[in-house]
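Trainee: The following comprises the amino acid sequence and a computationally predicted model.
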Amino acid sequence: GQYGTLAGSNVNYVTKHGSNSFHGNAIWYWNGRYLNANDFFNNAAGVGRPFSNANQWAASVGGPIWKDHTFFFLDTEGLRVILPTSLATYIPSPQFATATLANLAGRGLSSEVPFYQNMFNLWSSAKGAAAATPVAGGGCAGFTGLGAGVPCALTFRSTAGNNTNEYTWVARVDQNFGDKDRAYLRVSRDNGTQATFTDPINPAFNAVSNQPQMQGQLSETHTFGASAVNQFTLAGLFYSATFSPAIPQAQQLAVFPTTIEFTGNPFTKMGGEDWDFPQGRRVTQYQILDDFSKTAGRNT
């Protein structure tokens, strides 16, 4: 009842605390390309395993500050990952690019040529594009302007990678004031950069999300004899998730100034998802809670 009637989950964090003895641990975990099978679709397309790398660690230590009275506990964890992708990617054929540029020039639209040339160059220089093969049937629906048997689109399996990372730390101090009063202070921070979007054409169009979280709790427990206890808790939390281009947006727009998508999807879109960023949210929460419990016979 104390949490109200709002729908959703209720999460309780339980943190270790120090004791009169020193204790600690340390863990390192690694995983990489040669410990994992290749993606099914990569195998089908004859593409080798993409590079992947994961490093994860954790360490903690706890012990006494003042024997029987004051204790500490510290914990830290982190993660660094290179994430591979596996995506069917479609680009214009050289014949389509040549015909398009010639058509623009022939119609007196030479000023448009640099824009299209830049677009074709980005497609053709994408990682894996050198191994692209013609799309069955030409790749551009009913378009036959290039002549019989001349492909309009090429396809390849993109395995472009992206980076993600996270670290967190927790610090806690417990204080025993006597047989009837105990208190603790706990603070923590979690910081990470999420790989939000990986573009198969150019990493300049990648998007990331910076997601810091900070929280803290102060709690005091007082015992009234053998049948009653009171616990007071004061807590606060700040959380932010902002989504933005992986590089400054001005630099991203200098590579390509807009986003182009194609009806029928003959070609992978150009410009990534820069139309959707930046965006995000910031959340601040606080809690003041006091619990008093009394046992009287069979009733609490």
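Mentor: It's in.
Trainee: now for the helix or strand of the chain with the lowest mean pLDDT, which elements pack on it?
Mentor: Every helix and strand in the chain was compared by mean pLDDT, DSSP states H and E; the lowest is helix 40-45, with a mean of 90. Helices and strands touching helix 40-45, by 3 or more CB pairs under 8 Å, 6 or more residues apart in numbering; DSSP states H and E, are strand 153-158. No exception for glycine: its C-beta is placed from N, CA and C like everyone else's.
Trainee: Quick check: mean pLDDT of the strand it packs on?
Mentor: Regarding strand 153-158, the rounded mean pLDDT is 94.
Trainee: again, but for stretch 230-250
Mentor: 94.
Trainee: got the buried residues for that stretch?
Mentor: A235, A241, F243, S244, P245, A246, I247 (16 or more other CB atoms under 10 Å).
Trainee: again with stretch 160-171
Mentor: A160, G161, N162, T164, E166, T168, W169, V170, A171.
Trainee: Identify all contacting residues around that stretch.
Mentor: Outside stretch 160-171, the residues within contact range by CB atoms under 8 Å, 6 or more residues apart in numbering are 15, 50-52, 72-85, 87, 126-128, 186-195, 198-200, 203, 206.
Trainee: Just the ones in strands from those residues, please.
Mentor: 72-83, 87, 186-195 (DSSP state E).
Trainee: Now the buried members of those.
Mentor: Here, 16+ other CB under 10 Å leaves 73-79, 81-82, 87, 186, 188-190, 192, 194-195 buried among these.
Trainee: Okay, and the residue lying closest to K180 once chain neighbours are set aside sits in which element?
Mentor: If the residues on either side of it in the chain are set aside, K180 comes closest to T223, at 4.7 Å by CB to CB, 6 or more residues apart in numbering. Element membership of T223, judged by DSSP states H and E, is strand 213-224.
Trainee: Which residues belonging to that strand are considered buried?
Mentor: So, applying 16+ other CB under 10 Å, buried residues of strand 213-224: Q213, Q215, Q217, S219, E220, H222.
Trainee: What sits closest to L253 if chain neighbours are left out?
Mentor: Here the residue nearest L253, using CB to CB, 6+ apart, is D274, at 7.3 Å.
Trainee: ugh, wrong one, Q194
Mentor: Per CB to CB, 6+ apart, closest to Q194 is S209, 4.1 Å.
Trainee: A strand includes that neighbour, no?
Mentor: Yes: assigned with DSSP: H, G, I helix; E, B strand; the rest coil, S209 falls within a strand.
Trainee: which residues does it contact?
Mentor: Neighbouring residues of S209 by CB under 8 Å, 6+ apart: T193, Q194, T196, A241, T242, F243, S244, G280.
Trainee: Mind doing that once more with 7 Å?
Mentor: T193, Q194, T196, A241, T242, F243 (CB atoms under 7 Å, 6 or more residues apart in numbering).
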